[in-house]
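1. Just a sequence and a predicted model for now, questions to come.
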Amino acid sequence: MMKDKDIDLVVIGSVALDSVKTPFGKSDYSLGGAASYACVAASMFSRPGMVGIVGSDFPKEHIDFFKTKGIDLEGLVNADGKTFHWGGYYEYDMNQAHTTNTELNVFADFKPHLTKNYKKTKFLFLANILPSLQLNALKQMDGSPFVAMDTMNLWIENNKEEVLENMKHIDLVLINDAEARQLCETPNLILAAKSILKLGPKAVIIKKGEHGAMLFTDGVYFSAPAYPLETVRDPTGAGDSFAGGIMGYLAKTKDTSIENIKRAIIYGSAIASFNAEGFGLQNLKKITIDDIEKRYKEFENLVDF
Ligand code: AMP
């Protein structure tokens, strides 16, 4: 029996205040960060524990919001200083985020510390954060949890060896199409996926934004469509909510078979599609599991022929 305090998934990543501009609106110092999106998405299915750091400027209402989602905050450090801040914008090609500024602030000196409760968890998601911090968290885990990781162009440019090293120690790599091409130095996504698999992970998911996602494992290829959205207001956090949905579902079902990962991908896609329809975390704040189940069924119809 799971106790109230028990978590079933650990997520390490950025917790941020984001300033984002898209052709459809803008936000200033709003709740963001890879771990925030991933934990909120995962909380639709399971009880995630968040590992990260915020500064003294981080509004209490965001902490209260995490708590209403059942997110455990034992691993979230509250430090003196300013919270990580990301500024970016999108043009009409919403698959491409343009970064205007990245201020690490309290993240600059952060060393993750996993408590006993977190170390014994069976699922770990290394969301976007410095690759060395991802590895540090991974090494603290007891036993052999199921581990997924995400990354971004900044780390592939500046810390490529560390990104490749991390991939050797995990089960599932999530990467977007442009990053896969950049990392593997090939225009071909099939070849990119094959070369990532050679590093050791059991599976690779290549995200293609509005064109869905592809799953590769040894001998298996699965293509998931994207939900045909007519309104995309802000794609920020699409990748994180997709990954959070996947990991939340896997942690809930405790089944990491390829067939179940395929189902998890559809749940992740459903959550990410809701996320992109609203600004920031606006939509994830209000959707329910019934909304997600309904969209999951619509996905089934999309590929039924
Ligand atoms: P995505 O799912 O790729 O749209 O992720 C968006 C989130 O990534 C934003 O909420 C940002 O706060 C966060 N982010 C942007 N740059 C970084 C970075 N260098 N390290 C960690 N998180 C970042």
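-> Noted; the coordinates are in hand.
2. What's the local residue count around Pro59?
-> 14 (other C-beta atoms under 10 Å). Heads up, the C-betas are built off the backbone N, CA and C, glycines and all.
3. Then Gly212?
-> 18.
4. So for the longest helix along the chain, mean pLDDT?
-> The longest helix of the chain (DSSP state H) is helix 258-277. Averaged across helix 258-277, pLDDT comes to 96.
5. Over to stretch 166-176?
-> Stretch 166-176 comes out at a mean pLDDT of 97.
6. With stretch 205-217 instead?
-> Mean predicted lDDT for stretch 205-217 stands at 95.
7. got the buried residues for it?
-> Buried residues in stretch 205-217, counted by 16 or more other C-beta atoms under 10 Å: 205-210, 212-217.
8. likewise stretch 145-155?
-> 145-152, 155.
9. okay if I get those as TSV plus distance to Val77, secondary structure and pLDDT?
-> Formatted as TSV, the buried residues of stretch 145-155 follow (distance: C-beta to C-beta, whole Å; DSSP: H, G, I helix; E, B strand; the rest coil; pLDDT from 0 to 100):
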residue	distance to Val77	secondary structure	pLDDT
Pro145	21	coil	98
Phe146	25	strand	98
Val147	22	strand	98
Ala148	23	strand	98
Met149	21	strand	98
Asp150	21	coil	97
Thr151	22	coil	93
Met152	22	coil	92
Trp155	21	helix	94
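10. With respect to the ligand, which of the buried residues of stretch 205-217 is nearest?
-> Lys207 (9.0 Å; C-beta to the nearest ligand atom).
11. Quick check: closest non-adjacent residue to the closest one.
-> Spatially, and ignoring its direct neighbours in sequence, Lys207 is nearest to Asn176 (4.5 Å; C-beta to C-beta, 6 or more residues apart in numbering).
12. Could you list everything whichever residue of the stretch 51-200 of the chain sits closest to the ligand pairs with in the sheet?
-> Per C-beta to the nearest ligand atom, Trp86 is where the stretch 51-200 of the chain lies closest to the ligand, at 3.7 Å. For Trp86, the beta-bridge partners under DSSP bridges are Asp18, Thr102.
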